[in-house]
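Participant: Pasting a predicted model and its sequence here:
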Amino acid sequence: MHSSISRIKKEKRLLLENHLTESLTNYKSLFACDSDAIYALDLDGYFIPLNPACETLFGYDSEHFSKMSYMKVVTLDHLERALSFFYKSLEGTLQNFDCQIIHKNGDILDVNITNYPIVLDDEIVGLYGIARDITEIKRSRQLLKVAEEENKQREEDYHAMILQSEKLSAAGQLAAGIAHEIRNPLTSIKGFLKLMEGNDGDTSSYLEIINSEINRIELILTELLILSRPHEREFKKRNILGLLEGVKALIDTQAVLKNIEIIITCESEIELPLLLFDENQLKQVFINLLKNSIEAMPNGGNIILEVEATGQKSIQIRCIDQGIGIPKEHIEKIGQPFFTTKENGTGLGLMICMQIIQNHNGAIDFSCGGNGTTVTVTLPL
């Protein structure tokens, strides 16, 4: 059986060689001038070199080359893959793939190979192969990839440096603001203490002022701690209307004393989806916004909490008051530390609110018309 198979393979190789000899005679100049290595493989995978580029690519002369199997020149890592493509070609399909070969001098080369079957008298007697050296192309691609990664890393380092610089700048501004806000009451305290030292009379008015200034320092430090302390957040899916109803219940007493009614409306025609948020943090935001609105409405009126689903992406809560409004030149400064228009304000409340909304991947926007202020909080679904 084995001798019969061997005899058939020899006959097919002879048929292949005759066919290739005829092809070389007819297309000699075409084969000779091609820069790619052109060869044939018999059914056992042995080479039949067809042009000088074969000798250049593999490093062997024609005599040695014709006695070699392709399995001798393919690297071990790529041998199984090359063998798979070889058998697929013998089944009658064209195969194109990249692999690595070993040059006679030991160099490892990257090549692109195309194999397609040679059919004579309706039988596959071998394969045509074309091998192209792509070592430099791959090396260039690798160098380009490394360069791109280095550039990307440099960009990331640059952005990190800019971010760090901005953080340091913000920290510097905050520190300057803290120093200014605390120095003022401390100066008052020191001054009144000096007055009290040389005054044997009634100093109760001095003590009231000192107590007031100490309370202000305490307020500033409390809000700074809220801003800086790392809170353990508890994000859960909840109903935003339920949270707003709870906040309304807390603030209603204060609102009624100022002749103010808080009204919650829902503009959505469909049931509002649940939002993922930290309940305590969002309560802090809306309590702060409502208190600001109440303080801005000395003549009473209505505060509307308007809730609306904006498509499938987010929910908007608009806090609309009928207060004195915010001057246009002040809107851009909202959220800056220690910027406030209130007599006893610290300017940290809205800064904290904006940070909380940012932590929820949301946005907060302030607009002012002729009849009050609208604060729009957008929270993603």
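Facilitator: Everything's here; your move. Numbering: from 1, shown residues only.

Participant: which residues does Leu379 contact?
Facilitator: By C-beta atoms under 8 Å, 6 or more residues apart in numbering, the contact set of Leu379 is Ile240, Leu275, Phe277, Ser314, Ile315, Gln316, Ile317, Ile357, His360, Gly362. From N, CA and C alone the C-beta is placed, and that goes for glycine too.

Participant: should've said Asp77
Facilitator: Going by C-beta under 8 Å, 6+ apart, Asp77 touches Gln100.

Participant: Please, which helix or strand holds it?
Facilitator: Element membership for Asp77 (DSSP states H and E) is helix 76-90.

Participant: got it, and Val256?
Facilitator: Judged by DSSP H and E, Val256 forms part of helix 240-257.

Participant: Could I get the buried residue list for that helix?
Facilitator: Residues of helix 240-257 classed as buried: Ile240, Leu241, Leu243, Leu244, Val247, Lys248, Ile251, Ala255 (neighbour count, 16 or more other C-beta atoms under 10 Å).

Participant: what's the very next helix or strand once past that helix packed up against?
Facilitator: The helix or strand immediately downstream of helix 240-257 is strand 260-266, counting by DSSP H and E. Using 3 or more C-beta pairs under 8 Å, 6 or more residues apart in numbering; DSSP states H and E, the elements in contact with strand 260-266 are helix 240-257, strand 301-310.

Participant: what helix or strand is Asn112 on?
Facilitator: strand 108-120.

Participant: Parallel or antiparallel, which strands does that strand pair with?
Facilitator: strand 95-102 (antiparallel), strand 123-133 (antiparallel) (DSSP bridges).

Participant: And these: which comes nearest Val73?
Facilitator: strand 95-102 (4.9 Å; C-beta to C-beta).

Participant: closest to Gln95 among the buried residues of helix 240-257?
Facilitator: Ile240 (60.4 Å).

Participant: pretty sure that closest one is touching Leu305, no?
Facilitator: No. Between Ile240 and Leu305 there is no contact under C-beta atoms under 8 Å: 10.0 Å.

Participant: Can you show me the CA trace of the helix holding Val256 as PDB?
Facilitator: The C-alpha atoms that make up helix 240-257 are tabulated as PDB, following Å, rounded to 0.1, in the frame of the first residue of the first chain:
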ATOM      1  CA  ILE A 240     -36.400  60.900  42.500                       C
ATOM      2  CA  LEU A 241     -40.000  62.100  43.200                       C
ATOM      3  CA  GLY A 242     -39.900  60.300  46.600                       C
ATOM      4  CA  LEU A 243     -36.600  62.100  47.500                       C
ATOM      5  CA  LEU A 244     -38.000  65.500  46.500                       C
ATOM      6  CA  GLU A 245     -41.200  64.900  48.600                       C
ATOM      7  CA  GLY A 246     -39.000  64.100  51.600                       C
ATOM      8  CA  VAL A 247     -36.900  67.300  51.100                       C
ATOM      9  CA  LYS A 248     -40.200  69.300  50.700                       C
ATOM     10  CA  ALA A 249     -41.400  67.900  54.100                       C
ATOM     11  CA  LEU A 250     -38.200  69.100  55.700                       C
ATOM     12  CA  ILE A 251     -38.300  72.600  54.300                       C
ATOM     13  CA  ASP A 252     -42.000  73.300  54.300                       C
ATOM     14  CA  THR A 253     -42.100  74.700  57.900                       C
ATOM     15  CA  GLN A 254     -39.400  77.200  57.100                       C
ATOM     16  CA  ALA A 255     -41.100  78.000  53.800                       C
ATOM     17  CA  VAL A 256     -44.500  78.600  55.400                       C
ATOM     18  CA  LEU A 257     -43.000  81.100  57.800                       C
END
